[in-house]
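Novice: no FASTA, just this:
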C-alpha cells in the first residue's frame, strides 16, 4: 500500500470521493501546517464527524499544534477530554477573551494549565479604569445646565461600568436676596418723609373751595383756621381776605 506525504494528500484531497479521502488519510506519513490540517478536518466532518475527530487527534499526536482560535472552532468536533489536551499545547497562549470563552468547555485542571501558561487569572478583578472615571467626572462637570434624560442614563451606565457612584444632578441654589444697605434705607426714609410733608402741606393749603376746605393748622373756637389771615376759619372769607366776618 502506497504511503502519502501531506503534500500529496492535500493536493489531491478535493479530487477524491469522501470514501477515498478517508481511506487515503490512513496512508499519511505526516501532517502539514495546522491551518491546512484543520481545513481538511472540517471537510471530513461534513461526512463523518467521528472520523474527523480521530483525524484531529492523530494530527495532534503527530506534532501539529493548533491556535487558540482553531481550538475554539473545534469544540463541536472533538470531545471535552481531547479539547483540553489540545488547548494545553496550542501554538500560542490564550488571551483573556479566549480563556473566558473556553472556561466551561474543558476540565478545570486543563483550564488551570492554560491559564498559568497565559499568566492570566480571569477571576481576578480588573483594576478600575481611573482614566475613564476622570473622563466621566469631567463630562459631568461640563453639564452645568440641565442634562437630558438620555445624558443622565448614559452617564449612569458609564459610571456603573467603572465602579463609581454617579454624581446626582442638583439644581443650583437660588442666589440670596441682597439686603438694602444703610444709605439705601436712609434715602427711602428721607423720600417717605418728604412725601408725607408734601401731603400734609397740601392738606393745610386753602384752595378757595371753602365749602370743602380740608383741615388746616388747628382748630380754634369751633372753626378751622388758616394762618394769621384766617383767624375765624375759611367759611368767613377763605382766600378772599384776611378771614374777617365781612
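Specialist: Ah, there it is. This one's a predicted model, so the numbers in the text were calculated from it and none came from an experiment. Numbers count the residues shown, from 1 in each chain.
Novice: Got the phi and psi for residue 28?
Specialist: When quoted as degrees, to the nearest 10, the phi and psi of residue 28 stand at phi -70, psi 140.
Novice: Contacts only, for residue 62.
Specialist: 30, 31 (C-beta atoms under 8 Å, 6 or more residues apart in numbering). Every residue, glycine included, has its C-beta placed from N, CA and C.
Novice: I'd like to know how far it sits from residue 109.
Specialist: 24 Å (C-beta to C-beta, to the nearest Å).
Novice: ok, now residue 41?
Specialist: Relative to residue 109, and taking C-beta to C-beta, residue 41 is found at 25 Å.
Novice: do residue 52 as well
Specialist: For residue 52, the distance to residue 109 equals 26 Å [C-beta to C-beta].
Novice: repeat for residue 117
Specialist: Taken as C-beta to C-beta, the span from residue 117 to residue 109 is 13 Å.
Novice: got it, and residue 91?
Specialist: 21 Å.
Novice: likewise residue 11?
Specialist: Distance of residue 11 to residue 109, computed by C-beta to C-beta: 40 Å.
Novice: Domain-wise, how is this protein divided?
Specialist: 6-118, 130-162, 200-246 (automatic domain parsing).
Novice: any idea which of those domains scores lowest on pLDDT?
Specialist: Among the domains of the chain, domain 200-246 carries the lowest mean pLDDT, at a mean of 51.
Novice: What separates the first and last residues of stretch 101-108, distance-wise?
Specialist: 14 Å (C-alpha to C-alpha, to the nearest Å).
Novice: Among residue 117 and residue 109, which residue is more densely surrounded?
Specialist: residue 117 (15 against 9; other C-beta atoms under 10 Å).
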